[in-house]
Every structure is written in structure tokens, then in C-alpha cells.
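A.B. asks: what follows is a predicted structure for the sequence shown.
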Amino acid sequence: MGLLNAENLTIEFGGVRAVADLNLDIKEGEITSIIGPNGAGKTTTFNIITGVYKPTVGNIIFDGENITGMRPDLITKLGIARTFQNIRLFKELSVFENVIVAKHTNLASNFLTSTLRLPKYKSEENNMEKETIELLERVDLLQHRDDKANSLPYGKQRRLEIARALATKPRLLLLDEPAAGMNPNEMDEMTSFILKIKEDFDLTILIIEHHMDLVMEVSDNIHVMDFGIKIAEGTPEEVQNNEKVIAAYLGVDEDA
Ligand SMILES: Nc1ncnc2c1ncn2[C@@H]1O[C@H](COP(=O)(O)OP(=O)(O)OP(=O)(O)O)[C@@H](O)[C@H]1O
Ligand SMILES: [Mg+2]
């Protein structure tokens with residue numbers, strides 16, 4: 001049993017099976033990648049795991065608990081966080097504010113204690129500020145704490161997105177194309193950043209990515225999807241030499 005298991009996951013949109021009979025066994029402490037051509041069902045898989053979509057058939061088991069169809073905020077609380085294919089930041093807010101807003105998801109106080117600013121809320125607020133500073137330091141963004149999110153260079157905006165996900169203290173982190181649109185230099189930085197946070201935050205990581213250099217360097221395991229179906233699975237070396245995989249990628253631009 002992995003930290004996360006998907007069992008026979010299937011979802012249909014208007015009769016089209018975007019994900020079909022997918023099984024995943026995500027081992028604790030590993031980095032697993034999901035690769036495959038555009039429209040293969042990769043992001044849809046993330047959306048099912050995080051509770052955005054309920055699967056037509058199948059189950060998601062996280063740490064032994066069936067989380068299928070559970071509300072997204074409850075799934076976050078259980079320890080699953082994600083980033084999005086297209087950057088989602090509060091552009092006009094500072095780096096610090098972007099992270100502390102994400103932390104509020106975990107706030108224990110109810111509406112009344114926070115509205116009345118009761119002592120419990122205040123101490124939680126102070127604590128969150130402290131934790132936010134600490135987190136920014138660990139992801140090397142502290143020097144930008146007061147900068148607006150949209151003033152950061154692109155690579156750092158992507159890192160801030162990951163920091164927002166880390167703010168909810170996940171055990172499992174899902175990254176949807178963390179290196180999308182990056183130049184080779186930014187991609188190298190993202191590669192080492194992913195390896196660093198995995199150790200530093202004791203994470204299990206699931207990555208969707210089209211940049212094969214990054215995938216091959218960070219992954220313990222790779223799952224290959226095509227038209228909603230898993231066509232191959234294995235170590236980077238096994239997958240690279242798999243004929244079905246090569247065929248699925250023929251004529252497909254890596255950066256598409
Ligand atoms: N809400 C939806 N309604 C209808 N169809 C959808 C919906 N979400 C996804 N799809 C379809 O499901 C298929 C898989 O889409 P998905 O976004 O998962 O692909 P992907 O593997 O992430 O591709 P890409 O690499 O381009 O991001 C596509 O055909 C897409 O159009
Ligand atoms: Mg996608």
C-alpha cells in the first residue's frame with residue numbers, strides 16, 4: 001500500500017473517458033511523475049485526487065483512508081496540496097501575503113473567534129506570521145517578502161506557488177507542470193528546488209511535466225498516460241526504452 005493509491009479510476013465527460021481504469025501506487029518518500037501527450041488525462045487525474053472532480057468509477061485511498069469525492073478543503077487538511085498548470089497567485093499581493101493567505105486554510109479558529117479577534121485567534125495569527133517567515137526562508141524567497149507577486153521573475157513566481165502549497169503542510173505535494181514555460185536555466189533551478197524541498201519538508205511528490213530532462217532527473221518512478229489510459233510504468237530508464245512510450249510521443253513537441 002502506497003501513501004496514495006488510485007484504484008480503477010475512471011471519469012467521463014459527455015461520454016468521453018478522460019481517465020480510464022487508472023491505477024496508481026504512490027510510495028511514501030518517492031517522486032513519481034505522470035507524463036503523456038496533451039489531453040492524456042494528467043491534470044484530470046490531479047483534479048480527481050484533490051476533490052475537484054468526483055470519479056465516475058474508482059477510489060482514491062490516501063494514507064489508508066478513502067477520500068473519493070471528499071471536499072477539496074478537507075483533502076487539503078488531510079495533507080494533500082497542489083499547484084496549477086497555469087500560475088495562480090494573488091498578483092497584487094506581496095509574497096508574504098500570498099503565503100499567509102494560503103495558511104488560513106489550516107486555521108483552527110472558527111468564524112466567531114476570528115471576527116471578534118479573541119486571544120486564541122491572535123495567537124494563531126502571530127504563529128502563522130512566524131511560520132510564514134520561516135517558510136519563506138526555507139524556499140529562499142525571504143528577501144522578496146514585501147515584493148508584489150507579479151514583480152518577481154517567472155522562475156520565482158513558480159517557486160512562490162509551491163511555497164503556497166507548502167503552507168498547508170502537506171505530506172503529498174502535486175505539481176502540475178512546475179517547469180512550464182521555463183528557459184533551461186530556470187528549469188535547472190526548479191529541478192534542484194524540487195529535490196531540495198522533498199528532503200527538507202519530508203515530502204512525497206507527484207509531478208506532471210513535459211520537460212523530460214527534469215522528469216528523468218528527479219523521478220523514482222514514471223507513469224505514462226495516453227488517451228486516459230496508463231500505457232507504461234517504470235524507472236526513468238525503463239520508460240525511456242519502452243516502445244509504446246516512444247510511439248505515443250512520436251511527433252509530439254516536448255514543449256507543447
Ligand atoms: N471539465 C471538463 N469537461 C469536459 N472535458 C474535460 C474536462 N476536463 C478535462 N476534459 C477533457 O479531458 C481530457 C484530458 O484533459 P487533461 O486536462 O487532463 O489533459 P492533460 O493530460 O493534463 O493535458 P495537457 O498536457 O495539455 O495539460 C481532454 O480531452 C480534455 O478536453
Ligand atoms: Mg494538464
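C.D. replies: In hand now; what should we look at? Ligands and ions are numbered 1, 2, ... in the order given.

A.B. asks: so which strand or helix has the nearest residue to Arg164 once chain neighbours are set aside?
C.D. replies: Leaving aside its sequence neighbours, Arg164 sits nearest to Ala102 (C-beta to C-beta, 6 or more residues apart in numbering; 4.0 Å). Yep, even glycine has a C-beta here, placed from its N, CA and C like the rest. Taking DSSP states H and E as the criterion, Ala102 maps to helix 95-103.

A.B. asks: that helix packs against which elements?
C.D. replies: helix 119-138, helix 154-166 (3 or more C-beta pairs under 8 Å, 6 or more residues apart in numbering; DSSP states H and E).

A.B. asks: pull out the buried residues from that helix.
C.D. replies: 95-100, 102-103 (16 or more other C-beta atoms under 10 Å).

A.B. asks: again with stretch 191-207
C.D. replies: Quick answer for stretch 191-207 (16+ other C-beta under 10 Å): 191, 193-194, 197-198, 201, 203-207.

A.B. asks: residue in the chain nearest to ligand 2?
C.D. replies: Among the residues of the chain, Thr43 lies closest to ligand 2, at 3.1 Å counting by C-beta to the ion.

A.B. asks: ok but that residue is inside a helix, no?
C.D. replies: Yes: Thr43 forms part of a helix when assessed by DSSP: H, G, I helix; E, B strand; the rest coil.

A.B. asks: that one: how many residues sit nearby?
C.D. replies: Using other C-beta atoms under 10 Å, Thr43 has 17 neighbouring residues.

A.B. asks: I figured it hits Ile208, correct?
C.D. replies: Yes: with contacts counted by C-beta atoms under 8 Å, Thr43 reaches Ile208, the gap being 6.7 Å.

A.B. asks: hey, what's in contact with both of those two?
C.D. replies: Taking C-beta atoms under 8 Å, 6 or more residues apart in numbering as the criterion, Thr43 and Ile208 both touch 85, 176.

A.B. asks: which element is the closest residue to Glu177 other than its chain neighbours on?
C.D. replies: Of all residues not flanking Glu177 in the chain, Gln85 sits nearest, at 4.9 Å (C-beta to C-beta, 6+ apart). If you go by DSSP H and E, Gln85 is not part of any helix or strand.

A.B. asks: show me the contacts for whichever residue of the stretch 51-200 of the chain sits closest to ligand 1.
C.D. replies: As assessed by C-beta to the nearest ligand atom, ligand 1 sits closest to Gln85 within the stretch 51-200 of the chain, at 5.7 Å. For Gln85, the contact set (C-beta under 8 Å, 6+ apart) comprises 43, 176-177, 180, 208.

A.B. asks: how about Gly69?
C.D. replies: Per C-beta under 8 Å, 6+ apart, neighbours of Gly69: 51, 54-55.

A.B. asks: ok, now Met1?
C.D. replies: Neighbour list for Met1: 25, 61, 64 [criterion: C-beta under 8 Å, 6+ apart].

A.B. asks: isn't Leu173 right up against Leu206?
C.D. replies: Yes: judged on C-beta under 8 Å, Leu173 makes contact with Leu206 at a distance of 7.4 Å.

A.B. asks: just the closest of the buried residues of stretch 191-207 to Ala163, please.
C.D. replies: Distance to Ala163, by C-beta to C-beta, is smallest for Ile197 among those, at 9.2 Å.

A.B. asks: how about that closest one, secondary structure?
C.D. replies: helix.

A.B. asks: same question for the one 10 residues further on.
C.D. replies: Per three-state DSSP, the secondary structure class of Ile207 is strand.

A.B. asks: is it true that it touches Ile34?
C.D. replies: Yes: in this structure Ile207 lies within contact range of Ile34 using C-beta under 8 Å: 7.2 Å.

A.B. asks: show me the domain layout of the protein.
C.D. replies: Listed domain ranges for the chain are 1-79+170-256, 92-169 (source: automatic domain parsing).

A.B. asks: switch these over to JSON lines; also include mean pLDDT and distance to ligand 1.
C.D. replies: Putting those into JSON lines (pLDDT from 0 to 100; distance: least, C-beta to the nearest ligand atom, whole Å) gives the following:
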{"stretch": "domain 1-79+170-256", "mean pLDDT": "94", "distance to ligand 1": "3"}
{"stretch": "domain 92-169", "mean pLDDT": "88", "distance to ligand 1": "16"}
